[in-house]
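Q: Quick one: sequence and predicted model below, then my questions.
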Amino acid sequence: MPELPEVEITKRGIEPHIVGKRIRELLVRDRRLRWPIEKGLEKKLKASKVLSVARRAKYILVNCDSGCLIIHLGMSGSLRILSETQKPGKHDHFDLTFEDGSILRYRDPRRFGALLWTEDNPSLHPRIKNLGPEPLESKFDWRALRDRISGSESPIKLQIMKNEVVVGVGNIYANESLFRAGIHPHTIAKKVGTIRSKRLVAAIKETLASAIEAGGSSLRDFYQADGTKGYFQQNYFVYGQGGKSCRVCGHTIRSTTTSQRSTFFCSNCQKR
DNA sequence: CGCCAGGCCTGCACGC
DNA sequence: TGCGTGCAGGCCTGGC
């Protein structure tokens, strides 16, 4: 499943192949994504030019001269560049084809992803305007975190997974970041003070940055933008490691549930 | 074959 | 009653 590092890798992967190109057509095979692809989008995109590609949270923004495509990969989505026509698979729901013959192909077996469109500034789009800070930007610091969680009685793990607190931290990296910060996932958020807020922010940044550097670790169904398989490193400290020995201290990694999501932690390394 | 994973929006339940 | 907050439900399908 693409988390922020995978989305960033995908964005970097497609960017050089589509910026500056003119769109031949949008070919939609199945409109039924998380929100149906709006009717008539094909017409709006015809002969548009791609100006730039950006990322906000887990959304990929394809800026065109006629408006902005907003792409979300959901849990099983991927984008890749094809240099020539290839027979589409069962879950290849749309293609964006270019005048030079190349194709940006979207695949998403579970259809939790989305293709949205705005002719406004994309930062004003309803899906984007209420998002919290980007984890890798300097604006996301311990004060920003503390200001958003200081009143909360809910577990810190839930807070860092909330998009209003910080974007791009899904279940895998929430578990990993809390391990790196030495904080038990069920710690009540408002009990995380200054020192631990600093540690947690640093841990989130390190965890995400190193995953991006590694080329995007992920679950099975992630393909890199060029179509080769992702690295599938899965050398996580705690995520998916229930019952195994902690790589740092040797204690057994515990697994539990937090609001219906799987949670992993080392009870020796992580304190409440 | 039944269940689970995952992101994230929506709607409900709860407490002041 | 109203509001903020927390949390469960639902979407979907491949893989165990």
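A: Cool, the structure landed.

Q: tell me which residues in stretch A:70-88 are buried?
A: Within stretch A:70-88, the residues that count as buried by 16 or more other CB atoms under 10 Å are A:70-82, A:88. (C-beta placed from N, C-alpha, C; glycine too.)

Q: need those in TSV with secondary structure and distance to DNA strand C, can you?
A: Below are those laid out as TSV (DSSP: H, G, I helix; E, B strand; the rest coil; distance: CB to the nearest atom of the strand, whole Å):
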residue	secondary structure	distance to DNA strand C
A:Ile70	strand	18
A:Ile71	strand	17
A:His72	strand	12
A:Leu73	coil	13
A:Gly74	coil	8
A:Met75	coil	7
A:Ser76	coil	7
A:Gly77	coil	12
A:Ser78	strand	13
A:Leu79	strand	17
A:Arg80	strand	17
A:Ile81	strand	22
A:Leu82	strand	21
A:Pro88	coil	14
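
Q: just those now: which is nearest DNA strand B?
A: A:Met75 (4.1 Å; CB to the nearest atom of the strand).

Q: can I assume that closest one is in contact with A:Arg110?
A: Yes - in this structure, A:Met75 is within contact of A:Arg110 by CB atoms under 8 Å, at 5.6 Å.

Q: If we check DNA strand B, which of the buried residues of stretch A:70-88 are in contact?
A: Among these, the residues lying close to DNA strand B (CB under 7 Å from any atom of the strand) are A:His72, A:Gly74, A:Met75, A:Ser76.

Q: Would you check which pair of these lies furthest apart?
A: Pairwise distances across these (CB to CB) peak at 11.5 Å, for the pair A:His72 and A:Ser76.

Q: Now for the two: what residues contact both?
A: A:Gly113 (CB atoms under 8 Å, 6 or more residues apart in numbering).
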